[in-house]
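S.K.: Sequence and predicted structure are below.
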Amino acid sequence: MTLLIVLPTYNERLNIERVTEAIMGHDFTRLLVVDDASPDGTGAIAETLAARWPGRIEVFHRRGPRGLGLAYVEGLKRALEAPVDAIGQMDADLSHDPKYLPDLVAALASHDLTIGSRYLNGISVINWPLHRLILSAFANRYIRFVTGMSPRDCTSGFRVWRKEALARLPLDAARANGYAFLTEMLYEAQRHGCRVGEVPIVFVERQEGYSKVSQKVLIESLLTPWRLILRGGRLTRSTR
Ligand SMILES: Nc1nc2c(ncn2[C@@H]2O[C@H](COP(=O)(O)OP(=O)(O)OP(=O)(O)O)[C@@H](O)[C@H]2O)c(=O)[nH]1
Ligand SMILES: [Mg+2]
C-alpha cells in the first residue's frame with residue numbers, strides 16, 4: 001500500500017522539517033506539500049527537504065488567493081494523478097502525529113475513508129484551554145445535528161482515503177475555503193456512499209507557529225452545514 005499525503009502549509013517554517021521527517025519515517029509514504037507562497041519561506045525549506053528524499057516529496061507552490069480549501073482542491077486533484085493506492089490529508093503543525101498513519105491505512109481494509117478522531121473515547125486533545133474544547137465539541141455536535149453526518153469528529157483534518165473513493169467526489173464543486181472545507185468533503189463522501197471509519201488519535205495543540213483560523217473562517221464553519229443540506233439534503237441512515 002502506497003500513501004501520498006497532501007500537506008497544506010502556510011507559514012510553517014518551524015514545523016515543516018519535523019513533520020516531514022516523521023512522515024518519511026514510514027516507508028510506504030510520499031508527500032505533496034502545497035504551499036501558498038508562505039512569506040516565512042516554508043516553500044523553500046520544503047524544496048530542500050524534497051532534495052533529501054528524492055522521488056518521494058514534491059512541492060507545489062500555489063499562486064493566487066490563498067486558503068485551506070483552495071489549497072486542498074488543487075492538491076488533492078494533483079494527488080489523484082499519482083500512481084498510489086491511498087491519499088492522506090493532515091496539518092503541518094504537528095497536531096496530527098504521523099505515528100498514527102499505519103493505523104489509519106490499516107483501517108482502509110474495510111473503509112473508503114478513515115478519520116483520525118479526537119472524539120472517540122471522550123475528548124483526546126492536549127493543551128487546549130477549556131473554552132476551545134467546549135467550542136470544538138459543540139461545533140461537532142452542531143454539524144452532526146444539522147447535516148445528519150455520523151462520524152464523531154467531522155472537522156478533523158487528519159484523514160486517509162482510498163484513492164478510487166476520493167476520485168468519485170466532486171472536488172471542484174466545494175465552496176468552503178476554511179476548515180469548513182473538511183466538513184464539506186465529509187458530507188459529500190457520506191452522500192456518495194463512502195464507508196467512513198474512525199481511528200482514535202491524541203491531538204496535540206501546535207507548539208510552534210500560529211493558527212490561521214480567522215473570524216471569517218469560524219463564521220463560514222457555522223453556515224456551511226446549512227448550505228450543504230440546502231444543496232444535497234439532510235443525510236439519514238439510508239442516504240449516507
Ligand atoms: N496552503 C495553505 N495552507 C494553509 C492555509 N491556512 C492554513 N493552512 C495550513 O493548514 C493546516 C491547518 O492550519 P492551522 O492554522 O493549524 O489551523 P488549525 O489547525 O485549524 O488551527 P490551530 O490548530 O489553532 O493552529 C496547517 O498545516 C496550515 O499551515 C492556506 O491558506 N494555504
Ligand atoms: Mg492546527
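M.R.: Yep, it's here. Note that this is a predicted model, so its numbers are computed, not measured. Numbering: from 1, shown residues only. Ligands and ions are numbered 1, 2, ... in the order given.
S.K.: can you tell me which residues contact the residue lying closest to residue 240 once chain neighbours are set aside?
M.R.: Leaving aside its chain neighbours, residue 240 sits nearest to residue 190 (3.9 Å; criterion: Cβ to Cβ, 6 or more residues apart in numbering). To be clear about C-beta, it is placed using only N, CA and C from the backbone, and glycine gets the same treatment. The contact partners of residue 190, by Cβ atoms under 8 Å, 6 or more residues apart in numbering, come to 149, 150, 196, 235, 239, 240.
S.K.: The most centrally placed residue in the chain sits in which helix or strand?
M.R.: In the chain, the residue lying closest to the centroid (Cα atoms, centre = their mean) is residue 157, at 2.9 Å. Under the criterion DSSP states H and E, no helix or strand holds residue 157.
S.K.: pLDDT wise, what is residue 205 at?
M.R.: We have a pLDDT of 97 for residue 205.
S.K.: Same check on residue 238?
M.R.: Per the predicted model, pLDDT is 88 at residue 238.
S.K.: Likewise for residue 144?
M.R.: Note on residue 144: pLDDT of 97.
S.K.: wait, isn't it in contact with residue 138?
M.R.: No: if you go by Cβ atoms under 8 Å, residue 144 and residue 138 don't touch, sitting 10.9 Å apart.
S.K.: For this protein, which segments count as helices?
M.R.: 16-24, 42-52, 68-80, 101-106, 130-147, 163-167, 180-191, 215-232 (DSSP state H).
S.K.: How about the last one and ligand 2, any contact?
M.R.: Pointing back at helix 215-232 there. No: residues of helix 215-232 are not located near ligand 2 by Cβ under 5 Å from the ion, the shortest gap being 12.0 Å.
S.K.: Not counting that helix itself, show me its contacts.
M.R.: Outside helix 215-232, the residues that touch it by Cβ under 8 Å, 6+ apart are 139, 142-143, 146-148, 155, 175-180, 183-184, 187-188, 191.
S.K.: go on, the fifth one?
M.R.: In this structure, residues lying in contact with helix 130-147 by Cβ under 8 Å, 6+ apart are 118-119, 123, 125, 128, 149-155, 183, 187, 221-222, 225-226, 228-229, 234-235.
S.K.: Just the buried ones from those residues?
M.R.: Listed as buried from these are 118-119, 123, 125, 128, 149, 151-155, 183, 187, 221, 225, 228, 235; burial here means 16 or more other Cβ atoms under 10 Å.
S.K.: Mark which of these are part of strands, please.
M.R.: Mapping the buried ones among the contacts of helix 130-147 onto strands (DSSP state E) picks out residue 125.
S.K.: So which residues on the protein come close to ligand 2?
M.R.: Proximity of the chain to ligand 2, by Cβ under 5 Å from the ion, involves residues 91, 93, 95.
S.K.: Spatially nearest residue to the second one, not counting backbone neighbours?
M.R.: What it means is residue 93. Distances taken as Cβ to Cβ, 6+ apart place residue 206 nearest to residue 93, at 3.9 Å, with adjacent residues excluded.
S.K.: what number of residues lie near that neighbour?
M.R.: 16 (other Cβ atoms under 10 Å).
S.K.: Taking the contacts of residue 190, tell me the two that lie furthest apart.
M.R.: Longest distance between any two of the contacts of residue 190 is 13.4 Å, between 196 and 239; criterion Cβ to Cβ.
S.K.: Between the two, which has more neighbouring residues?
M.R.: Under the criterion of other Cβ under 10 Å, the comparison of residue 196 against residue 239 puts residue 196 first, with 19 against 12.
S.K.: contacting residues for the nearest residue to that one once chain neighbours are set aside?
M.R.: With Cβ to Cβ, 6+ apart as the criterion, residue 196 has its nearest non-adjacent residue at 5.0 Å, and that residue is residue 113. Each residue near residue 113 by Cβ under 8 Å, 6+ apart is listed here: 159, 160, 161, 162, 165, 166, 186, 189, 194, 195, 196, 197.
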